[in-house]
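[1] Provided below for reference: sequence and predicted model.
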Amino acid sequence: MSTPAGPEPGYLDRMLTMEMVRVVEAAAVAAARERGQGDEKKADQVAVDAMRRELNNLPISGRIVIGEGERDEAPMLFIGEEVGLGGPEVDIALDPLEGTTICAKNQPNSLAVIAIAARGKLLYAPDVYMDKIAIGPGYPDGIINIDASPTENLEAVAKAKGCKVSEISTCVMDRSRHTKLIEEIRRAGAAIRLIGDGDVAGIIHTTEPDETGIDLYMGIGGAPEGVLAAAALRCTGGQMQGRLILDTDEKLERAARMGVDDPQKAYSMEEMAQGDVLFAATGVTDGNMLRGVKFNQGSAKTHTVAMRSSTGTIRWIEATHSNVEKFPSAT
């Protein structure tokens, strides 16, 4: 009698999916208490504290590879920090509060986000900027190219979609560094959706253009958000490329210490998030993808998406947390 084949190397225990959900729920509830208060640092800190507590209750040997910053800049959840009670060795990318400004102003699409993969499967890189381009599923491989011009990418997508460039909508962060990018996109005839913050959500929105109205994402944002978005696209389908912006000697040195041997390398989605990847996000404020936390007489309601790349499973989870004053320990 033959023995059933075991899981592929790096296959993660599916129970980790629900453990991750508890982690992002805790961070989201903590941050949601600070919505609209105008204090970005406090909102971020309470989310970090809650996420760290929950991570240290997990049966994993976890290493933060994308976190709140590097050790000298971030006292908790810094790149290289070890978390968990012990168990399978995993790498973790996280953003306890994606969109700190959004949360402080109580604007749409603030999230608590995490991704987990086996050790060595997530891009280990310094906390720097990253140039990014992303698109949702259903297109031929190689349809986007970070080294092509915005116009060339727009024309390629329009051709593949069977429409005019004027029918393509591109998501871009509203930053002065994107002035020339925005001008070229508009000259090409495409529409633009400007966002103030939160490019993880912006990139994920490319996976459902009929719902979000976003076909393509372009522009420069944080490398942490780039890896998290790549993890989500690995689960939902799509394509993405990113290049670290290492424009000073100090950044080049930091990257080299982390094993980045080609500072000009364009990373594919698969190179940023390899193997079996788990991704989870909970809404802090209401958004296109997730509803924000709702408080009511001592309880809290959360809305979470949990994904897994090896199965393609996407779960939408609505939870009511009673006795929320003791949250997260009570869940």
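    All right, it came through fine.

[2] Can you show me the strands along the protein?
    Using DSSP state E, the strands assigned to the chain run over residues 61-66, 82-83, 89-98, 111-118, 129-135, 169-173, 191-195, 216-222, 239-244, 267-268, 278-283, 294-296, 299-308, 314-321.

[3] closest one to Ala201 among the ones you listed?
    Closest approach to Ala201 among the strands of the chain is made by strand 111-118 (6.1 Å; CB to CB). Where you see a C-beta, it was placed from the backbone N, CA and C, and this is true even at glycine.

[4] ok, back up a step: which of the strands of the chain sits closest to Gln37?
    Closest among the strands of the chain, using CB to CB: strand 89-98, at 12.8 Å.

[5] Check which residues of that closest one are buried.
    When burial is assessed from 16 or more other CB atoms under 10 Å, strand 89-98 yields the following buried residues: 90-98.

[6] tell me what it is packed against?
    Packed against strand 89-98, as judged by 3 or more CB pairs under 8 Å, 6 or more residues apart in numbering; DSSP states H and E, are the following elements: helix 15-32, helix 40-55, strand 61-66, strand 111-118, helix 199-204, helix 223-236.

[7] Just the angle for that strand relative to strand 111-118, thanks.
    Direction vectors for strand 89-98 and strand 111-118, defined by axes from the mean of the first three to the mean of the last three CA atoms, to 10 degrees, enclose an angle of 170 degrees.

[8] which stretches of the stretch 201-331 of the chain have low pLDDT?
    Low-confidence regions of the stretch 201-331 of the chain, defined here as pLDDT under 70, cover residues 325-331.

[9] can you pull the contacts of the residue lying closest to Ala201 once chain neighbours are set aside?
    Using CB to CB, 6 or more residues apart in numbering and skipping residues adjacent in sequence, the residue nearest Ala201 is Asn109, 4.3 Å away. For Asn109, the residues meeting the contact criterion (CB atoms under 8 Å, 6 or more residues apart in numbering) are 99, 102, 195, 198, 201-202, 285, 287-289.
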